[in-house]
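Peer 1: What shape does this take:
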Amino acid sequence: MLDGRSGLGGASDRRVFRGAVRPVRLGILARADKGGLGYQSLAVYTYLKPAVTVVVDIGNRRRPPAAEGWYPGAPRVKWDHKATLPGVAELFKDCDVVWSAETFYDQGLTRELEKLGVATVLQANPELFDGQWASAYWAPTSWMLDWLPEGTRVVEMPAPADRYPQVEMEEPFRVVHPAGMPAAADRNGTQIVASIRRLLETKGYRLDLVGPEGSTRGVPVRFVDDPRDRDLGAAVCVLPRRYGGLSLPAIEALCAGVPVVMPDVPPNSLWSQVRTSPRRHADVSVLGGQVPAVHTDPSELANVVDGLLSDRRRLDGLRGEARGWAEAHSWVRTGWRWLEALDAVNKHS
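Peer 2: Got it, this is the predicted structure:
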């Protein structure tokens, strides 16, 4: 769990803010539930040490449990599900830039902050973009970039590599699949993975479906409090993702030194070392419209995984490559790019 306050600090800050009067005073609108948005905002909190953090409580019983200790002393604001966050603008009034992932929840908040002289950054996902105005838009990948406002900047999510110790693979080999929150058309392909359980088990492997409770209808999953408990010790991560941009589970698997198997379509090549052949499938309806989706043939997926696990030399090599990728793309190595991008938003606001 990303529960420290290490920060980037040192030379990184001095290089980025050289010539600036002072570092950007950052605010973040964070989530504390143990899902994708929660871990994404927790990483920003941990590594960038914002001056002001406000936690949004969406009050949804279907979400994973909330983590009480993630943001010590940070105010929590209840979202009323009517697109308002009363009093939040006042909490951020002394910030230079306020960042949020996916949404600001309150449709008027960014304009209210602009009147206070506070710039805003929306870390947008194209398939979920609701048209909310912000001073700047960042996309985690170039996937469906044309769905976002002109001038959107691709700012990749760094990897929390320093939070993952190196451990030996478990015996018998464990194949892990990160099931996501319920989404249109089983985005992570959990039903596909579940269909090959018997094939994998007859080969002597274990299939571990891990995710929030009720992730996919009819498929039981194991819930963990920390992504490290999902990935550490696993031999391979199978993620036949049908559509989508940022995939935190793929990044987390690489941090644990676990090779990732994904369909050979953008943006999966950013994280997957082993790829399956995508089959064109019907478009999926999302907030922004219709996005192309792919299907992975279960037999091919089972054969690819079996072939990988049957070749220990190749598997060991891929594990080393996975860890190397994570370290090269870590917050420690690349977090300065976020500082640089925040500084640019501040100067142009």
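Peer 1: Need the CA coordinates for stretch 233-241. CSV is fine.
Peer 2: Taking C-alpha atoms only, stretch 233-241 is exported to CSV below (Å, rounded to 0.1, in the frame of the first residue of the first chain):
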residue,chain,number,x,y,z
GLY,A,233,4.9,-14.1,-6.1
ALA,A,234,2.7,-14.5,-9.2
ALA,A,235,4.2,-16.0,-12.3
VAL,A,236,2.2,-14.1,-14.9
CYS,A,237,-0.6,-11.6,-15.1
VAL,A,238,-3.3,-12.2,-17.7
LEU,A,239,-5.3,-9.2,-18.6
PRO,A,240,-7.4,-9.6,-21.8
ARG,A,241,-8.6,-6.0,-21.6
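Peer 1: Check which residues of stretch 273-293 are buried.
Peer 2: Neighbour-count burial for stretch 273-293, counted by 16 or more other Cβ atoms under 10 Å, picks out Gln273, Val274, Arg275, Thr276, Pro278, Val284, Val286, Gly288, Val291, Ala293. From N, CA and C alone the C-beta is placed, and that goes for glycine too.
Peer 1: Determine how far that stretch lies from the middle of the whole chain.
Peer 2: Stretch 273-293 sits 18 Å away from the centroid of its parent chain (Cα atoms, centre = their mean, to the nearest Å).
Peer 1: again with stretch 267-274
Peer 2: 14 Å.
Peer 1: which residues does the spatially closest residue to Val291 that is not a sequence neighbour contact?
Peer 2: Closest residue to Val291 apart from its sequence neighbours, by Cβ to Cβ, 6 or more residues apart in numbering: Tyr243 at 5.1 Å. Residues in contact with Tyr243 (Cβ atoms under 8 Å, 6 or more residues apart in numbering) are Glu127, Ala185, Arg187, Val284, Val286, Val291, Pro292, Ala293, Val294.
Peer 1: Tell me how many other residues surround Pro50.
Peer 2: Number of residues near Pro50 (other Cβ atoms under 10 Å) recorded here: 22.
Peer 1: That one and Leu29 touch, don't they?
Peer 2: No: judged on Cβ atoms under 8 Å, Pro50 makes no contact with Leu29 at a distance of 10.0 Å.
Peer 1: intersection of neighbour lists for those two?
Peer 2: Shared contacts of Pro50 and Leu29, counting by Cβ under 8 Å, 6+ apart, come down to Trp99.
Peer 1: can I get the contacts of Tyr243 in JSON lines with distance to Leu301 and pLDDT?
Peer 2: JSON lines is the format used below for these (distance: Cβ to Cβ, whole Å; pLDDT from 0 to 100):
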{"residue": "Glu127", "distance to Leu301": "23", "pLDDT": "90"}
{"residue": "Ala185", "distance to Leu301": "17", "pLDDT": "80"}
{"residue": "Arg187", "distance to Leu301": "16", "pLDDT": "90"}
{"residue": "Val284", "distance to Leu301": "20", "pLDDT": "89"}
{"residue": "Val286", "distance to Leu301": "24", "pLDDT": "86"}
{"residue": "Val291", "distance to Leu301": "22", "pLDDT": "89"}
{"residue": "Pro292", "distance to Leu301": "20", "pLDDT": "88"}
{"residue": "Ala293", "distance to Leu301": "16", "pLDDT": "91"}
{"residue": "Val294", "distance to Leu301": "12", "pLDDT": "93"}
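Peer 1: Arg163 versus Pro72, what's the distance?
Peer 2: For Pro72, the distance to Arg163 equals 18 Å [Cβ to Cβ, to the nearest Å].
Peer 1: more neighbours, these two?
Peer 2: More neighbours surround Arg163 than the other of Pro72 and Arg163, with 21 against 9 (other Cβ under 10 Å).
Peer 1: Can you give me the distance of the residue nearest to Tyr164 when sequence neighbours are not counted to Ala32?
Peer 2: Counting by Cβ to Cβ, 6+ apart, Tyr164 lies nearest to Cys255, which is 4.3 Å off, once chain neighbours are set aside. Distance from Cys255 to Ala32, counting by Cβ to Cβ: 21 Å.
Peer 1: Please apply the same query to Val97.
Peer 2: 21 Å.
Peer 1: For those two, indicate the residue with more neighbours.
Peer 2: Legend: neighbour count by other Cβ under 10 Å for Val97 and Ala32, higher for Val97 (25 against 22).
Peer 1: circling back to that earlier point, out of the buried residues of stretch 273-293, which sit inside strands?
Peer 2: Val274, Arg275, Thr276, Val284, Val286, Val291, Ala293 (DSSP state E).
Peer 1: Which residue comes closest to the first one once chain neighbours are left out?
Peer 2: For Val274, the nearest residue in space outside its immediate sequence neighbours is Val261; the separation is 4.5 Å by Cβ to Cβ, 6+ apart.
Peer 1: what residue ranges in the stretch 151-300 of the chain score low on pLDDT?
Peer 2: Flagging of the stretch 151-300 of the chain using pLDDT under 70 yields the residue ranges 182, 213-218.
Peer 1: Helices along that one, start to end?
Peer 2: For the stretch 151-300 of the chain, helices defined by DSSP state H, counting those that start in this stretch occupy the ranges 190-194, 197-202, 227-231, 248-255, 298-309.
Peer 1: Same check on the stretch 1-150 of the chain?
Peer 2: Going by DSSP H, counting those that start in this stretch, the stretch 1-150 of the chain shows helices at 10-16, 36-48, 88-91, 109-115.
Peer 1: With mean neighbour count and mean pLDDT added, can I get those helices in JSON lines?
Peer 2: As requested, the helices of the stretch 1-150 of the chain are arranged in JSON lines below (neighbours: other Cβ atoms under 10 Å; pLDDT from 0 to 100):
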{"stretch": "helix 10-16", "mean neighbour count": "14", "mean pLDDT": "38"}
{"stretch": "helix 36-48", "mean neighbour count": "22", "mean pLDDT": "94"}
{"stretch": "helix 88-91", "mean neighbour count": "18", "mean pLDDT": "96"}
{"stretch": "helix 109-115", "mean neighbour count": "18", "mean pLDDT": "97"}
